[in-house]
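> I would like to see how this sequence folds:
(chains A and B)
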Amino acid sequence: MTLIATESLTKVYGGGVTALSDLTVAVEPGIVGLVGANGAGKSTLIKLLLGLLTPTRGRIQVLGLDPTADTATVRARVGYMPEHDCLPPDLSAAELVTHLGRISGLPRTVARERASEALRHVGLHEERHRPVGGYSTGMKQRVKLAQALVHDPDLLLLDEPTNGLDPAGRDAMLALVQRIGTEFGISVLVCSHLLGEVERICDTLVAIEGGRLLRADHIAAMTSVTDVLAVEVSEGTEALAARLAALDLPVTREGRLLLVPLADQGTYDLILGAVAELDLPLHRLDQRRHRVAELFARRENSLV
Amino acid sequence: MSEPTGVIHDIGYQRYTGPRLGRRHVFGALYLHGVRTTFGLGRSAKAKIFPWLVVGIVLMVAAAVTAIRSQIGEVVMTYAQFADAMSWLVIFFVAVAAPELVSRDMRSGVLPLYFSRPLPHADYPLAKLLALVTALFLLLGAPQLLMFLGGAFTGDGMGAVWDELLDLLPGLLYAGLWAVVFASVGLLVASMTGKRAFAAGGIVAVFLMTTPIVGILSVLPSQTANQLAGIASPPTLVQGVGLWTMRDLLVTEANTADLDLGAFGPVYALAAVALVAGCVALLLARYKKVAAR
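Presented below is the predicted three-dimensional model:
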């Protein structure tokens, strides 16, 4: 089954602002990263997925349903964590999450049980009975996540879940999201403007820019092996570079690494021979993986 | 076979396969939550002070009226007059309750959490409106019920109880009219702002600032203007409808109404209906816009 599918999806706001233009993408269940700069159209896409906005043109499907037509059905199966502050300060986390569970259609006692379960899963225990106003940013983010989880959705939409968190808080939140996606069996769409964060946990990456699709693919495909060999030696990097250049290999330096284009199996032998001759301690010799950031870096450079 | 007790297992995340209730239940949950909120139930002690102070006052007035009637035999106020006499308290109650119901949610940004759930955008304001109507009706109806119980038990025989009941029912209907008009106006004003103080001020202003207009209109040389003056302000509008439909219950020797309707009674009724319909329509339009944010 396709988790999210759009077909030339276009959203033009009343003022003539085009937030999304001709977006066609299909993603499979799992953890999906939605990456783009501020104003790229991430929040608009989320609102379209929730049926809060109707597309100007094109089609959109969530869990095989049309959010514009089957709004209630879609929303019953989707959990949404907004980017901004959205917690009333004078309610306790337990009360708020229970109430929102009931609004999602859970019976009264079930809502109470699942609220404390959801809060436990995000790591809030006894403090859940205190008013939210006294919580730290990290705890508030956890409550926001718990309220999205309380009705056991099939898809979670998380808008910038690491917003405002310190590095340790970010790691904890990302680990939690990863756990939800893998152990809980709930698909997750994580929105972020920080690529490095999302690529650590997601299976699929969708990158948008200015309302247009930049790239959508499995993270594995994006970080696929390339025909470049990376060589690292503990010492004598200069000497090795000179030696390899003398062997007619177009070598480039990148920090402590030497990059050599892989022509055929012979390239390995040439490099190993050179290292052996110079008697250098070889650290690594492997085929280079693309880092996702490079895909964007190239594009950004071309824009400059 | 029973498992050994005293062992706690972390059974991990459990998927939910039970029933998911429909729109009516969700509406009911939101409505009940609203009614509780207006009286500060499930909230901090501070939130309970004002609503229960008002409840205390109206019940005390009702108890006093009942006591005077049973001891001296003098009817201080009829059931219908009770709502009129309490109008200022009702206005203050609305000024506190309506912002509590809607402005607070707007301020804290919690609305996206509601509108991303299977809750049609019209249901949110309607549930809140119904909650406020219920609260106001309880506020005006409960004391009348107290007065009725007092009156019925001091009277002689079933005939007296029946007479009391016939007096009570129009009184309750009149309380319902007060509740509907004040709730719809108050909630619309409160839904415009996230700041509770502004909302409360706005509500009092709507009811207070329109009173001088009534005053000015009622001293104009034109008799038509005088007779239509009450329409300009919600409290006098409601009183006008009351006077038209149950004059003998509102106008007694002890309490003569200063509002002269002439033949414009039906106009007052139409104006009241139009006011409520207009407020509800604007409220729905307001939340249609808010939901898409």
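> hmm, which helix or strand of chain B has the shakiest average pLDDT?
Using mean pLDDT, DSSP states H and E, helix B:223-228 stands out as the lowest-scoring helix or strand of chain B, at a mean of 80.
> A:Asp22: which element?
Under the criterion of DSSP states H and E, A:Asp22 resides in strand A:18-27.
> can I get that strand as PDB, trimmed to CA atoms?
Output in PDB follows, covering the C-alpha atoms of strand A:18-27 (Å, rounded to 0.1, in the frame of the first residue of the first chain):
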ATOM      1  CA  THR A  18       1.900  29.300  -4.800                       C
ATOM      2  CA  ALA A  19       2.800  27.100  -1.900                       C
ATOM      3  CA  LEU A  20       3.000  23.800  -3.800                       C
ATOM      4  CA  SER A  21       3.300  23.500  -7.500                       C
ATOM      5  CA  ASP A  22       2.900  20.300  -9.600                       C
ATOM      6  CA  LEU A  23       4.100  18.000  -6.800                       C
ATOM      7  CA  THR A  24       4.000  14.300  -7.800                       C
ATOM      8  CA  VAL A  25       5.400  11.900  -5.200                       C
ATOM      9  CA  ALA A  26       4.500   8.400  -3.800                       C
ATOM     10  CA  VAL A  27       6.000   7.100  -0.600                       C
END
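> name the residues of the least confident helix or strand of chain B that are buried.
B:226-228 (16 or more other Cβ atoms under 10 Å in any protein chain shown). In short, each C-beta sits where N, CA and C put it, glycine included.
> and those, which is closest to A:Leu189?
B:Leu228 (58.8 Å; Cβ to Cβ).
> for B:Gly262, see how far away the closest one is.
8 Å (Cβ to Cβ, to the nearest Å).
> then A:Arg130?
Counting by Cβ to Cβ, the gap from A:Arg130 to B:Gly262 is 61 Å.
> who's more crowded, these two?
A:Arg130 (14 against 11; other Cβ atoms under 10 Å in any protein chain shown).
> from memory A:Gly33 sits against A:Gly196, does it?
No. Using Cβ atoms under 8 Å as the test, A:Gly33 is too far from A:Gly196 to be in contact (10.6 Å).
> the more surrounded of those two?
Just comparing A:Gly33 and A:Gly196: by other Cβ under 10 Å the higher neighbour count belongs to A:Gly33, 25 against 11.
> quick one: residues contacting that one.
A:190, A:192, A:198-199, A:201-202, A:204-206, A:219 (Cβ atoms under 8 Å, 6 or more residues apart in numbering or on different chains).
> cool, A:Gly36 as well?
Contacts of A:Gly36 (Cβ under 8 Å, 6+ apart): A:42, A:193, A:207-209, A:214.
> these: which two are farthest apart?
Farthest pair in the contacts of A:Gly36 (Cβ to Cβ) is A:His193 and A:Leu214. Separation: 13.1 Å.
> hey, where'd the strands end up in chain A?
Assigned by DSSP state E, the strands in chain A fall at A:4-12, A:18-27, A:31-35, A:57-62, A:78-81, A:155-159, A:187-192, A:204-209, A:212-218, A:225-233, A:252-254, A:257-261, A:282-289.
> and the third one with strand A:4-12, angle?
With axes from the mean of the first three to the mean of the last three Cα atoms, to 10 degrees as the criterion, the two stretches strand A:31-35 and strand A:4-12 enclose an angle of 20 degrees.
> with the fourth one instead?
For the pair strand A:57-62 and strand A:4-12, the angle between their directions (the same axes, to 10 degrees) equals 140 degrees.
> again, but for the second one
Orientation of strand A:18-27 against strand A:4-12 (the same axes, to 10 degrees) gives an angle of 170 degrees.
> contacts for strand A:18-27, please.
A:2-13, A:41, A:44-45, A:48, A:58, A:204, A:206, A:208, A:210-213, A:216.
> what do you get if the cut-off is 7 Å, keeping everything else the same?
Residues outside strand A:18-27 that contact it (Cβ atoms under 7 Å, 6 or more residues apart in numbering or on different chains) are A:2-13, A:41, A:44-45, A:204, A:206, A:211-213, A:216.
> how about the residues of the stretch 51-200 of chain B near chain A?
Contact residues, the stretch 51-200 of chain B versus chain A (Cβ under 7 Å from any Cβ of the partner chain): B:104, B:108-110, B:112-119.
> report the two of those residues separated the most.
B:Arg104 and B:Pro118 (22.6 Å).
> wait, what's in contact with the residue of the stretch 151-293 of chain B found nearest chain A?
In the stretch 151-293 of chain B, the residue that lies nearest chain A is B:Ala292 (5.6 Å; Cβ to the nearest Cβ). Neighbouring residues of B:Ala292 by Cβ under 7 Å, 6+ apart: A:52-53.
> ranges for the helices of chain B?
For chain B, the helices defined by DSSP state H cover B:23-38, B:45-72, B:79-85, B:87-98, B:104-108, B:111-115, B:123-154, B:157-190, B:196-219, B:223-228, B:234-250, B:265-291.
> among the ones you listed, which is nearest A:Gly236?
Of all the helices of chain B, helix B:111-115 comes closest under Cβ to Cβ, at 59.2 Å.
> residues in contact with the closest one?
A:52, A:82, A:86, A:100, A:103, A:147, B:105, B:121, B:124, B:290-291.
> my understanding was that A:Leu189 contacts A:Leu157; is that so?
Yes. The pair A:Leu189 / A:Leu157 is scored as a contact, 5.1 Å apart, by Cβ atoms under 7 Å.
> quick one: neighbours of the closest residue to A:Pro67 other than its chain neighbours, just the number.
Nearest non-adjacent residue to A:Pro67, counting by Cβ to Cβ, 6 or more residues apart in numbering or on different chains: A:Gly51, 3.6 Å away. For A:Gly51, the tally of surrounding residues (other Cβ under 10 Å) stands at 24.
> equivalent analysis for A:Glu199, please.
A:Glu199: 18 neighbours (other Cβ under 10 Å).
> distance of it relative to chain B?
Using Cβ to the nearest Cβ, to the nearest Å, we find A:Glu199 at a distance of 25 Å from chain B.
> which pLDDT value belongs to that residue?
We have a pLDDT of 83 for A:Glu199.
> over to B:Gly186?
95.
> for it, give me its contacts.
With contacts defined as Cβ under 7 Å, 6+ apart, the neighbours of B:Gly186 are B:94, B:98, B:132, B:203.
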